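S.K.: A predicted structure for the sequence below; I have some questions about it.
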Amino acid sequence: MSVTYQNAPLVEIIAEVRWGPAAEPFNAAGGFRVSLPRTKDEELLMHFGAEISAAGFGRIERLALPGMPLPVAQVACRFRPTDPTKQSPLFQLGRGVFTSNAVPPDYSSWADFRPVVQTGLECLFRAHERSGEPRPHINMVLVRYIDAFGPDLTNGMEPLNFLREVMGLGLTLPSAISELVSDGATIRPSIQLSIPMQLGQMQLTFGPGVRENQEAMMLDTTLVIQRDIGDSCAAALSALTEARGAIHDLFLSLTARIHKAMKPS
């Protein structure tokens, strides 16, 4: 049975799919790829808006002016719940990119969020069909978790000690650095790891931050899967679930020493 945490550090989860040029690795030599406006783009946004509104997401925020060129993979519209008291989950759509986002307390578990992602993907495919566009052939998925460990989870530890004693990330500084620290001050580490996996590429970023006006230790975890996933909702969901599973397993391992403080239920 899946365990949920009443005091989880989650700030936001993003589940993203890409297709076409948006899914191609960025080539610095080639500069930024720009998507020139097409009539079909506006038609697709209109049809997706109608589909997702019928599913209960009727508030639309335009993030880019109609007819303006956009960098590939930049979202053009955001779609929030029709209920004005709810800010998430939400969907974002652009040329070659679609995301489902959620924040607590609207997000409690992947099991509850997965059907929301499925609804968005089904609307995405139907919008393409209504627009006379080919179904998106997905060749990249991305899952990203942003977590903030506040004082209730760090138990007053300095950032370096939290990384070492809780996360198990040993960081030994040479005396040439430690001797530079002024009296009463502490070093605030910012660490980024890029981990090539058989499944895909994982990016971990640890660093200090602020959540609700309180200092927190931030953990940003992203897993990108690039492969031929196809043009079906089931295949996209399966790939997203794989990515989420790998992140979830890592998170449980890294936070093992503070599970009690996270209040499992």
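M.R.: Cool, got the structure. All values derive from a computational prediction rather than experimental measurement.

S.K.: only C-alpha atoms from now on, for both contacts and neighbour counts.
M.R.: Will do.

S.K.: mind listing the helices for the stretch 51-200 of the chain?
M.R.: Along the stretch 51-200 of the chain, the segments classed as helices by DSSP state H, counting those that start in this stretch run 110-130, 151-154, 159-165, 175-178.

S.K.: neighbours around Ile177, how many?
M.R.: Neighbour count for Ile177, taken as other CA atoms under 10 Å: 9.

S.K.: what residues are up against it?
M.R.: Ile177 sits next to no residue when contact means CA atoms under 8 Å, 6 or more residues apart in numbering.

S.K.: read off the pLDDT value for it.
M.R.: Note on Ile177: pLDDT of 85.

S.K.: give the residue spans of the stretch 151-265 of the chain that score low on pLDDT.
M.R.: Within the stretch 151-265 of the chain, no range satisfies pLDDT under 70.

S.K.: okay, strands next: where are they in it?
M.R.: Counting by DSSP state E, counting those that start in this stretch, the stretch 151-265 of the chain has strands at residues 191-196, 201-211, 214-230.

S.K.: want to throw the ones you listed into CSV with distance to Thr4?
M.R.: CSV is the format used below for the strands of the stretch 151-265 of the chain (distance: least, CA to CA, whole Å):
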stretch, distance to Thr4
strand 191-196, 27
strand 201-211, 21
strand 214-230, 18
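
S.K.: ok, Leu121 touching Cys233?
M.R.: Yes - with contacts counted by CA atoms under 8 Å, Leu121 reaches Cys233, the gap being 6.0 Å.

S.K.: and the two? Which one has more around it.
M.R.: Counting neighbours by other CA under 10 Å for Leu121 and for Cys233 shows that Leu121 has the greater number, 23 against 20.

S.K.: returning to that earlier point: out of the helices of the stretch 51-200 of the chain, which is closest to Arg188?
M.R.: helix 159-165 (6.1 Å; CA to CA).

S.K.: quick check: buried residues in that closest one?
M.R.: Pro159, Leu160, Asn161, Phe162, Leu163 (16 or more other CA atoms under 10 Å).

S.K.: how far off centre is it?
M.R.: Centre-to-centre, helix 159-165 and its host chain are 25 Å apart (CA atoms, centre = their mean, to the nearest Å).

S.K.: list of residues touching it?
M.R.: By CA under 8 Å, 6+ apart, the list of residues contacting helix 159-165 from outside reads Thr154, Leu169, Gly170, Leu171, Ile187, Arg188, Pro189, Gly207, Pro208, Met217.

S.K.: are any of those residues buried, and which?
M.R.: Among those, the ones that count as buried by 16+ other CA under 10 Å are Thr154, Gly207, Pro208, Met217.

S.K.: max pairwise distance over those: which two?
M.R.: Across the buried ones among the contacts of helix 159-165 (CA to CA), the longest gap, 13.1 Å, separates Thr154 and Gly207.

S.K.: find the residues that touch each one of those two.
M.R.: Common neighbours of Thr154 and Gly207 are listed as Met217 (criterion: CA under 8 Å, 6+ apart).

S.K.: nearest to Arg18, of the buried ones among the contacts of helix 159-165?
M.R.: For the buried ones among the contacts of helix 159-165, the nearest to Arg18 is Gly207 (28.1 Å; CA to CA).

S.K.: what about that closest one, distance to Ala216?
M.R.: Using CA to CA, to the nearest Å, Gly207 is found at 9 Å from Ala216.
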